[in-house]
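S.K.: The following comprises the amino acid sequence and a computationally predicted model.
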Amino acid sequence: MVFSRYLFFILSFVAIYAALKVLISKSPMHSVLYLTLAFFAIAGHYILLNAQFLAVVHIIVYAGAIMVLFIYTVMLLNLNIQGEFPKSKFANIASTIAGGLLLLTLIAIFKSYDLKVIANPALNQIGLVKSLGKVLFEDYFLPFELSSVLFLAAMVGAVMLGKKDIY
Amino acid sequence: MPDTIQNMQVIPLDYYIFFCSALFAIGVVGVLVKRNALVIFMSIELMLNSANLLLAAFSAYRNDPAGQIFVFFIMVVAAAEVAIGLALLVMIYRSTHTIDINVLNKLKW
């Protein structure tokens, strides 16, 4: 069990390092690759929470689909424009302070609640495909079907926006 | 009391709160600092992911599968959002030849 805590710290460190690198990197291509690393670290977190279904879906959707979309957009349109957008130092410092204050506020909000832990994530079975599938197709069947309509609309919209002569 | 022994052994829920808050704050800073629209998209993805992970953590620690179902739906919406957003970005790049958001301030006033 101590091992899982070490694993948590390693995965958290990798995820936060990669997330910071997304912001620090000059070229968008490096940002995309670091974002992929962050997504894999988060997938590891899902496995640590025993949410295996989410871990697999996360890898398929994020590392498989969204990252491919990002990389194709960067590479095919030659959007790999490096560091051409300087921003004033004042704006950068102000944004960073604002982000730090947001972090403090979030932690203070969560700490003000008495959060009770009633289950051991390493032992419960709710994250497995069997139990989640039952919940998904019994209680959340209508939203599940509506999400397919949403996907269809998104696909049609993306194709329409991507066409050259729509003006 | 077996419950307390179990709770001592698992990763405290607070760790997930700290980690996800940090990830969310990094995403917010990215949206505020960056001017490249593509990197702003990536920061939004980071924020969505931190919220997802916290939902999954609460769901696992409170033995409620509804949280993980919500994470699934958030992933669906995020995928649709990225598809549309990148298509919009490509269209903007075609017409203005830049993805610098400071150039795209016509709707600001």
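M.R.: Arrived safely, thanks for sending.
S.K.: Three-state assignment for residue A:115, please.
M.R.: Assigned by DSSP: H, G, I helix; E, B strand; the rest coil, the conformation of residue A:115 is coil.
S.K.: Now it: closest residue in space that isn't a chain neighbour?
M.R.: Nearest non-adjacent residue to residue A:115, counting by C-beta to C-beta, 6 or more residues apart in numbering or on different chains: residue B:13, 5.7 Å away. For glycine as for every other residue, the C-beta is placed from the backbone atoms N, C-alpha and C.
S.K.: give the contact list for the one you found.
M.R.: Residue B:13 sits next to A:115, A:117, B:57-58, B:61 when contact means C-beta atoms under 8 Å, 6 or more residues apart in numbering or on different chains.
S.K.: closest to residue A:123 among those residues?
M.R.: Set against residue A:123, the nearest of these by C-beta to C-beta is residue B:61 (11.5 Å).
S.K.: just checking, the closest one touches residue A:117?
M.R.: Yes - shown here, residue B:61 and residue A:117 form a contact pair, counting by C-beta atoms under 8 Å, at 5.0 Å.
S.K.: Now for the spatially most central residue of chain B: which residues touch it?
M.R.: Centroid-nearest residue in chain B: residue B:48, 1.7 Å away (criterion: C-alpha atoms, centre = their mean). Going by C-beta under 8 Å, 6+ apart, residue B:48 touches B:74, B:78.
S.K.: Wait, a helix at it?
M.R.: Yes - the assignment for residue B:48 by three-state DSSP puts it in a helix.
S.K.: Compute the number of surrounding residues for residue B:16.
M.R.: Taking other C-beta atoms under 10 Å in any protein chain shown as the criterion, the count of residues near residue B:16 is 25.
S.K.: what about residue A:19, distance to residue A:147?
M.R.: Here the distance between residue A:19 and residue A:147 works out to 27 Å (C-beta to C-beta, to the nearest Å).
S.K.: who's more crowded, those two?
M.R.: For residue A:19 and residue A:147, the more surrounded residue by other C-beta under 10 Å is residue A:19, and the numbers stand at 29 against 18.
S.K.: distance of the more buried one from residue B:47?
M.R.: As judged by C-beta to C-beta, residue A:19 and residue B:47 stand 10 Å apart.
S.K.: any shared contact partners between the two?
M.R.: Residues touching both residue A:19 and residue B:47 (C-beta under 8 Å, 6+ apart) are B:23, B:27.
S.K.: quick one, what contacts the residue nearest in space to the middle of chain A?
M.R.: The C-alpha lying nearest the average C-alpha coordinate of chain A belongs to residue A:39 (C-alpha atoms, centre = their mean; 5.9 Å). By C-beta under 8 Å, 6+ apart, the contact set of residue A:39 is A:58-59, A:62-63, A:67, B:49.
S.K.: And the helices in chain B?
M.R.: B:2-9, B:13-33, B:37-61, B:66-96 (DSSP state H).
S.K.: Packed most tightly, which of the ones you listed would that be?
M.R.: Highest mean neighbour count among the helices of chain B (mean count of other C-beta atoms under 10 Å in any protein chain shown): helix B:37-61, with a mean of 23.
S.K.: For that helix, the averaged confidence score.
M.R.: Average pLDDT, helix B:37-61: 92.
S.K.: what does stretch A:17-33 give?
M.R.: 90.
S.K.: Check whether it comes near chain B.
M.R.: Yes - for stretch A:17-33, a contact with chain B is found by C-beta under 8 Å from any C-beta of the partner chain, at A:19-20, A:22-23, A:28, A:31-32.
S.K.: Format those residues as CSV; extra columns: distance to residue B:21.
M.R.: Compiled in CSV, these are given as follows (distance: C-beta to C-beta, whole Å):
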residue, distance to residue B:21
A:19, 12
A:20, 15
A:22, 17
A:23, 17
A:28, 26
A:31, 22
A:32, 24
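S.K.: Who wins on neighbours among these?
M.R.: Top of those by neighbour count (other C-beta under 10 Å): residue A:19, with 29 neighbours.
S.K.: quick one: contacts for that residue?
M.R.: Per C-beta under 8 Å, 6+ apart, neighbours of residue A:19: A:34-35, A:38, B:23, B:26-27, B:46.
S.K.: swap the cut-off to 6 Å and go again
M.R.: A:38, B:23, B:26, B:46 (C-beta atoms under 6 Å, 6 or more residues apart in numbering or on different chains).
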